[in-house]
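Student: structure of the sequence below:
(one chain, ligands or ions: 3)
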Amino acid sequence: MRSITFGVLTISDTCYHEPAKDRSGPRLMALIAESFDNSQVIAAVLPDERDLIQRELRKWIDRDDVRVIITTGGTGFAPRDVTPEATKPLLDKDCNQLTLAIALTSLKKTKFAALSRGVCGIAGNTLVLNFPGSEKAVVECFEAVRELLPHALHLIGNNVALVARTHAEVQGTAQSEAAVPSPVKRDHVCPHKTGAGDDVDRNSPFPMVPVHQALDTILSVVQRSNASKQQMDQLRSPVNIPPFRASIKDGYAMKSTGFSGTKRVVDCIAAGDKVNEHPLQEDECFKINTGAPVPTHADCVVQVEDTRLLQRDKYGEESLVDILVEPKAGLDIRPIGHDMRKGDKVFPAADYSPVVYKSLLASVGLQQQRRKPKVGIISTGSELLAPHQPAVPGKIYDSNTTMLEELLLYFGFDCTQKLVLGDDLATIRSTLSTLFDTVDFVICSGGVSMGDKDYIKPVLEELKFELHFGRVNMKPGKPMTFASRGNKYFFGLPGNPVSAFVTFHLFALPALRWADGWERVKCPLPIINISLLNDVIDLDSRPEYMRASVTSINGKLCARINGNQISSRLQSIVGADVLIHLPGRTAEKPQAHAGETYSASVLRYDFISQYE
Ligand SMILES: Nc1nc2c(c(=O)[nH]1)N[C@H]1C(S)=C(S)[C@@H](COP(=O)(O)OP(=O)(O)OC[C@H]3O[C@@H](n4cnc5c(N)ncnc54)[C@H](O)[C@@H]3O)O[C@H]1N2
Ligand code: MOO
Ligand SMILES: [Mg+2]
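Tutor: Ligands and ions are numbered 1, 2, ... in the order given. Presented below is the predicted three-dimensional model:
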């Protein structure tokens, strides 16, 4: 099934200079994704410059896959509002009635809609619609045309085969009848509420949301706790580091008021010794080791390399050394509290790395636990056997419980509960209704797709969870589900082991980090650009997250896909350094080729497998 591409063009001087201020463009993209399965969106932000707008529109109109362009902004009466003027010369046909439909819908909401001069028309095979710039107006205008779009595209195509296909594409179904399309579905009515599918509509009621939108939703729903940050902010050191004046070098401690030349070695001081308080003459010194306490009456250390041994006593101990450099006060001594003073903040900034947290705590003699989100893991499936059980016909070994627990530990989170449940409505219902008494997050695998034993979504609805999304436009991981009730969060990862692996990294991990107070930018895995080594890869209609291993070739990072990518084949995670992000297939770009650069999420710290 081919996807349909929408173009969303934000036209605003302000948004052009500060893209973060663009709310209407992203809102339109979200509306498109939730209304039309199998849609792609390309987007751009331009200033109110007629030539620039026209050039971008022309480029998009010339693309085969772009079937609808929606502009937002620049339709008003201000001198710089030129969107309609930029659009009109490109149109082959005016669509005045569509313009009227938008105007009538908007006028019902506000009389100020009369101040929008947006036009609608057809350019080549592309429908172009001018919407006003405000987010509210964009939602209203989209509502006015949403149900008309499938039929409009159908008619613009004017080709029976294309019409049928377009219809199927826009509806997100594989059916190819060319009947008048029914309105797109948005209601969250789960067909498996009773365990039996609805006979009339056998499609999922959940729109496929784009990956970035799914993550945005998660991070806007999950509450960010500053408990960890506060704990780090408030933690004061109970000790000085070093607690005594410590020698930085192996050498000789002496008085700087003395001189270079011959000195008697009066004693040897090792790390762990008490501070030596004996009087010291200017022609005397102590032999001393790195990390050992500098004697009270010495004020500098001269490293062994800058000395010469002159004599040993009868026991073989050094007795006379020649100091070859001028001793300077403070030389090679770390003063008390040099690295951290008693009462100082242990963490100058929040750092959530368990390595950092635990080692700094250890350095000041503390062992305190950090408050982290409480997480429970569930694997669902009546076919699952624990790895220690003997093989049984019809059953398979459960890899997800182990995988999810190890991933939590790897990323510094704990698993407080671990459960394996059969596909049984009552068990799932009763377990979920009590599990949240003790955990904040449940990361569950399986039971979220279209089977009559996929009970997760109906149980969540029964338990009054809000289902934020139930499908994501990605491969693997399509049935990925996220729900919440108050500050309790449920991640329904698809059961296929690789789907669970990928969706854990892309959604559950960022959510846990966010809940733990991490900065937004640090919540997802780090992303790098990487060059593809495989000759040709056929792109899927869904954006795909392929497991790949990284080779550094003359310093350039390159990735090779790890064999068969079917979501049941867990072996594809062996040696997987990154998830390479391949875009959904378009007519223009059906394949990925060697040498092309793609983004990739780094799965682990030691992420380069080979150097060439
Ligand atoms: N009619 C449709 N069927 C399916 C669709 C769809 O859109 N329409 N989506 C497919 C996709 S994509 C995925 S992914 C799976 C996910 O399904 P569920 O989340 O409901 O998972 P299950 O059906 O329970 O299991 C799927 C698969 O994975 C195996 N599995 C499950 N748990 C474990 C485990 N803990 N360890 C190892 N393997 C596990 C299970 O035996 C199944 O083979 O749905 C497709 N179906
Ligand atoms: O999306 Mo499913 O996760 O392809 O296997
Ligand atoms: Mg299933």
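
Student: state the distance from the residue nearest the centre of the chain to ligand 1.
Tutor: By C-alpha atoms, centre = their mean, the mean C-alpha position of the chain lies nearest to Pro524, the distance being 2.1 Å. Using C-beta to the nearest ligand atom, to the nearest Å, we find Pro524 at a distance of 21 Å from ligand 1. C-beta: built from backbone N, CA, C; applies to glycine.

Student: my read: that residue touches Leu215, true?
Tutor: Yes. Applying C-beta atoms under 8 Å, one finds Pro524 in contact with Leu215, separated by 6.8 Å.

Student: anything in contact with each of those two?
Tutor: The contact sets of Pro524 and Leu215 overlap at 506, 510 (C-beta atoms under 8 Å, 6 or more residues apart in numbering).

Student: circling back to that earlier point, element containing the residue nearest to the centre of the chain?
Tutor: In this structure, Pro524 sits in neither a helix nor a strand according to DSSP states H and E.

Student: now it: how far from ligand 3?
Tutor: 27 Å (C-beta to the ion, to the nearest Å).

Student: up against ligand 2, what does the stretch 451-600 of the chain have?
Tutor: 475-478, 494, 496, 499, 567 (C-beta under 6 Å from any ligand atom).

Student: tell me which stretches of the stretch 1-150 of the chain form strands.
Tutor: Assigned by DSSP state E, counting those that start in this stretch, the stretch 1-150 of the chain shows strands spanning 4-11, 39-46, 66-72, 93-94, 120-123, 126-131.

Student: and whichever residue of the stretch 501-612 of the chain sits closest to ligand 2, which of the three is it?
Tutor: The stretch 501-612 of the chain approaches ligand 2 most closely through Ser567 (3.0 Å), counting by C-beta to the nearest ligand atom. When classified by DSSP: H, G, I helix; E, B strand; the rest coil, Ser567 comes out as coil.

Student: same deal with Val439?
Tutor: Looking at Val439 with three-state DSSP, the answer is coil.

Student: what about the longest helix in the protein?
Tutor: Using DSSP state H, we find that the single longest helix of the chain is helix 96-109.

Student: now that one and strand 126-131, what's the angle there?
Tutor: Angle, helix 96-109 to strand 126-131, by axes from the mean of the first three to the mean of the last three C-alpha atoms, to 10 degrees: 30 degrees.

Student: and the residue lying closest to the residue nearest to the centre of the chain once chain neighbours are set aside, how many residues sit next to it?
Tutor: The spatially closest residue to Pro524, leaving aside those adjacent along the chain, is Pro510, at 4.8 Å (C-beta to C-beta, 6 or more residues apart in numbering). For Pro510, the neighbour count with other C-beta atoms under 10 Å is 20.

Student: so who does Pro510 touch?
Tutor: Pro510 makes contacts with 215, 218-219, 523-524, as judged by C-beta under 8 Å, 6+ apart.

Student: and those residues, which two are furthest apart?
Tutor: Ile218 and Pro524 (10.5 Å; C-beta to C-beta).

Student: buried sites along stretch 268-286?
Tutor: For stretch 268-286, the neighbour count (16 or more other C-beta atoms under 10 Å) marks 269, 276, 280, 284-286 as buried.

Student: end to end, how far does that stretch reach?
Tutor: End-to-end distance of stretch 268-286: 6 Å, with C-alpha to C-alpha, to the nearest Å as the criterion.

Student: cool, stretch 324-331 as well?
Tutor: End-to-end span of stretch 324-331 (C-alpha to C-alpha): 14 Å.

Student: which ones are touching Leu407?
Tutor: Per C-beta under 8 Å, 6+ apart, neighbours of Leu407: 501, 504-505, 509.

Student: and what of Lys328?
Tutor: 256, 300.
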